[in-house]
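[1] predicted model follows, preceded by the sequence.
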Amino acid sequence: QLQASGGGLVQAGGFLRLSCAASGSILSINDMAWYRQAPGKARELVARITSGGSTNYVNSVLGRFTISRDNAKNTVYLQMNSLKPEDTAGYLCTAAIRTVRLPFSAIDYWGQGTQVTVSS
């Protein structure tokens with residue numbers, strides 16, 4: 001249902017753009033979000049965007065990361081600028097989706113994750 005892409009290896013100060021596309025018999029998508037998890041650390045919410053476009057971010061990425069979405073493409077993006085080594089993690093996307101099969105409940109779906117590695 002969710003396919004993430006765009007990760008890679010980048011030097012500190014560089015940038016990457018992550019994408020996550022939802023597919024299937026979708027009626028609507030509510031909140032979409034990016035999480036990250038580094039080895040030995042807890043999963044962390046990085047950024048969230050509502051269906052209306054309201055956003056919130058974890059403090060450590062404020063001013064550097066921007067979350068956006070294209071509702072026509074059922075896709076959420078994460079533009080990551082001024083990357084730091086501490087941003088190194090597996091990034092996972094999630095979305096609350098109403099489908100034809102379950103039209104009355106928005107179910108949280110998770111993508112497979114994409115690795116971001118920032119070298120110093």
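    Sure thing, it's come through.

[2] only C-alpha atoms from now on, for both contacts and neighbour counts.
    Fine.

[3] quick one: the strands in the chain?
    Under the criterion DSSP state E, the chain contains strands at 2-5, 8-11, 16-22, 26-37, 44-49, 55-57, 65-70, 75-80, 89-99, 107-110, 114-119.

[4] deepest in the core, which of these is it.
    strand 89-99 (a mean of 23; mean count of other CA atoms under 10 Å).

[5] what strands flank that strand, and is each parallel or antiparallel?
    strand 26-37 (antiparallel), strand 107-110 (antiparallel), strand 114-119 (antiparallel) (DSSP bridges).

[6] mind putting these in JSON lines, mean pLDDT included?
    JSON lines is the format used below for the strands paired with strand 89-99 (pLDDT from 0 to 100):
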{"stretch": "strand 26-37", "mean pLDDT": "96"}
{"stretch": "strand 107-110", "mean pLDDT": "94"}
{"stretch": "strand 114-119", "mean pLDDT": "97"}
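
[7] quick one: closest of the ones you listed to G14.
    Nearest of the strands paired with strand 89-99 to G14, taken as CA to CA: strand 114-119 at 8.3 Å.

[8] list the contacts of the closest one.
    Strand 114-119 is contacted from outside by 4-12, 83-92, using CA atoms under 8 Å, 6 or more residues apart in numbering.

[9] if you set the cut-off to 7 Å instead, what comes out?
    Here strand 114-119 makes contact (CA atoms under 7 Å, 6 or more residues apart in numbering) with 4-5, 7-12, 83-85, 87-92.
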